[in-house]
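Colleague: okay, predicted coordinates and the sequence, questions at the end:
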Amino acid sequence: MAASMILGAVLAGGQSSRFGSDKALAALGGRTLLERAVASLETQCDGVIVVGRGEVPDRPCAGMGPLGGINAALHHAHAQGYAEVLTCGVDCGGLAPDTMAELTPAPAYVADQPVIGLWPATAATSLDAFLATDAKHSMRAFAEMIGARPVTLSAKTANINTREDLAAAQEHIDGL
């Protein structure tokens, strides 16, 4: 595999506590949120994995939030020869076709939704060290630690945390 390959990673290991059921399986526009996220990454990446659902478990363990998913994706990418990882949460409703281009060069993240980011696979060791500290394990703190740039995307991405968010996203898709 060439060193310039990009791995897409859907972070799907959350508890969906605000949603009330497994939001990865919730339908939006006739497809599940998981299907939409995978499909949007497939158009921009050389391979796609789902993190936190058995295929690739969160690292170092479940319950670490998005950083556990990103850490697992970075380690998987590094082991498989990918140079970078484009991440999104299962709850984003899918990414716009030019998201990766807008985040290039890595490291970069979406300013108002930092779980969406383009990360170098080599950041795996830095994230291991960060997660081993007693510091607050926030996405922005990790991003700042590795010098990631915040980016404002030209197209807003959904952030579906509640059933109301899902209804609003559906209205947007339906043109209401």
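Modeller: Looks like it came in fine.
Colleague: please report how far Leu7 lies from His75.
Modeller: 11 Å (Cβ to Cβ, to the nearest Å). Heads up, the C-betas are built off the backbone N, CA and C, glycines and all.
Colleague: I meant to write Gly89 there.
Modeller: For Gly89, the distance to His75 equals 19 Å [Cβ to Cβ].
Colleague: helix or strand with the lowest mean pLDDT in the chain?
Modeller: For the chain, counting by mean pLDDT, DSSP states H and E, helix 163-174 ranks last in confidence among helices and strands (a mean of 82).
Colleague: tell me which element the closest residue to Met139 other than its chain neighbours falls in.
Modeller: Leaving aside its chain neighbours, Met139 sits nearest to Pro114 (4.0 Å; criterion: Cβ to Cβ, 6 or more residues apart in numbering). Element membership for Pro114, per DSSP states H and E: strand 113-120.
Colleague: what does that strand rub up against?
Modeller: Outside strand 113-120, the residues within contact range by Cβ atoms under 8 Å, 6 or more residues apart in numbering are 6, 11, 66, 70, 73-74, 83-89, 92, 95, 99-100, 103-110, 139-140, 143, 146, 148, 150, 157, 159.
Colleague: secondary structure class for Thr87?
Modeller: The local conformation at Thr87, judged by DSSP: H, G, I helix; E, B strand; the rest coil, is strand.
Colleague: please name the bridge partners of it.
Modeller: Here Thr87 shows beta-bridge partners Ala9, Gly117, assigned using DSSP bridges.
Colleague: my guess is it contacts Ala72. True?
Modeller: No - using Cβ atoms under 8 Å, Thr87 is not in contact with Ala72, being 10.5 Å away.
Colleague: thinking again about what came up before, the residue nearest to Met139: neighbour count?
Modeller: For Pro114, the neighbour count with other Cβ atoms under 10 Å is 19.
Colleague: ditto for the one 5 residues further on
Modeller: Here the number of neighbours of Trp119 (other Cβ under 10 Å) works out to 29.
Colleague: report the contact partners of the spatially most central residue of the chain.
Modeller: Geometric centre of the chain, nearest residue: Cys88, 2.2 Å, by Cα atoms, centre = their mean. Contact partners of Cys88, counting by Cβ under 8 Å, 6+ apart, are Gly8, Ala9, Val10, Leu11, Ala37, Ser40, Leu41, Leu95, Thr99, Val115, Ile116, Thr157.
Colleague: rewinding a little: between Leu7 and His75, point out the one with more neighbours.
Modeller: Leu7 (26 against 19).
Colleague: would that one count as being in a strand?
Modeller: Yes - using three-state DSSP, the assignment for Leu7 is a strand.
Colleague: that one is in contact with Glu84, isn't it?
Modeller: Yes - using Cβ under 8 Å, Leu7 and Glu84 qualify as a contacting pair, with a distance of 7.3 Å.
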